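**Student:** What would the 3D arrangement of this be:
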Amino acid sequence: MNQLKLATTKAKEGLFDEAIEILLFAYQSGISSEADILKVLPYYQKAGRYNELEKVCQEDFIPQLEQLNYSTLSHKCEEIQKSFLSLKLNKLYAKLALCAERENQTEDEKRYISFSQHYYGAYEDLLEQGTKVEELKEFKSIVKLYGKNSHLWPEFLQKEYSKYIK
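**Tutor:** Numbers count the residues shown, from 1 in each chain. The predicted structure is shown next:
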């Protein structure tokens with residue numbers, strides 16, 4: 001049984017501290033994904049370790065999300081990379097807000113919701129910017145491939161990049 005499945009089994013048995021330790025070991029071994037990181041947050045709350053959550057997120061989970069984001073999107077422009085990191089942080093803070101709600105920590109919940117909303121807005125803005133940057137990069141590669149005379153390009157490319165053609 002792999003570590004992630006074992007942690008889920010332990011959590012279902014109510015052994016949240018054990019599930020946390022298994023997942024932390026898995027993360028240190030390089031076995032982690034955004035979903036796995038988000039999965040462990042409620043385990044802290046259910047284990048009675050809510051007060052550790054924010055610190056562990058700042059010190060461990062956010063840097064892991066940053067590394068995962070870079071490793072999967074390093075071929076994309078900075079705006080796209082930042083947009084998807086913002087989406088990951090949106091989800092993390094939404095999960096923290098849920099944990100705070102369950103602990104009746106109203107101020108924390110409001111703060112986490114605010115962070116979550118901020119990061120979702122940043123995701124949308126950066127994604128729009130990044131899409132334009134990536135599209136322009138594609139246009140430049142089409143120019144290199146087919147030449148500057150767009151009349152000689154395939155018709156579908158002329159239509160797709162018409163806003164860039166002078």
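**Student:** what packs against the longest helix seen in the chain?
**Tutor:** With secondary structure taken from DSSP state H, the chain has its longest helix at helix 106-146. The contact analysis (3 or more CB pairs under 8 Å, 6 or more residues apart in numbering; DSSP states H and E) places helix 106-146 against helix 78-102. Just so you know, the C-beta spots here come from the backbone N, C-alpha and C atoms, and that holds for glycine as well.
**Student:** Can you mark which positions in the helix it packs on are buried?
**Tutor:** Within helix 78-102, the residues scored as buried using 16 or more other CB atoms under 10 Å are 79-101.
**Student:** Distance check, the most centrally placed residue in the chain against L73.
**Tutor:** Central residue check for the chain by CA atoms, centre = their mean: the C-alpha nearest the mean position is that of K88, 2.4 Å away. Counting by CB to CB, to the nearest Å, the gap between K88 and L73 amounts to 11 Å.
**Student:** Kindly calculate the angle that the host helix or strand of S71 makes with helix 106-146.
**Tutor:** According to DSSP states H and E, S71 maps onto helix 62-73. If you take axes from the mean of the first three to the mean of the last three CA atoms, to 10 degrees, helix 62-73 sits at 20 degrees to helix 106-146.
**Student:** then helix 62-73 to CSV, C-alphas only?
**Tutor:** Output of helix 62-73 as CSV, limited to C-alpha atoms (Å, rounded to 0.1, in the frame of the first residue of the first chain):
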residue,chain,number,x,y,z
ILE,A,62,3.3,26.9,0.4
PRO,A,63,6.9,26.4,-0.6
GLN,A,64,6.0,22.9,-1.8
LEU,A,65,3.1,24.3,-3.9
GLU,A,66,5.6,26.9,-5.3
GLN,A,67,8.0,24.1,-6.2
LEU,A,68,5.3,21.9,-7.8
ASN,A,69,4.0,24.9,-9.7
TYR,A,70,7.4,25.7,-11.1
SER,A,71,8.3,22.1,-12.0
THR,A,72,5.1,21.7,-14.0
LEU,A,73,4.9,25.1,-15.6
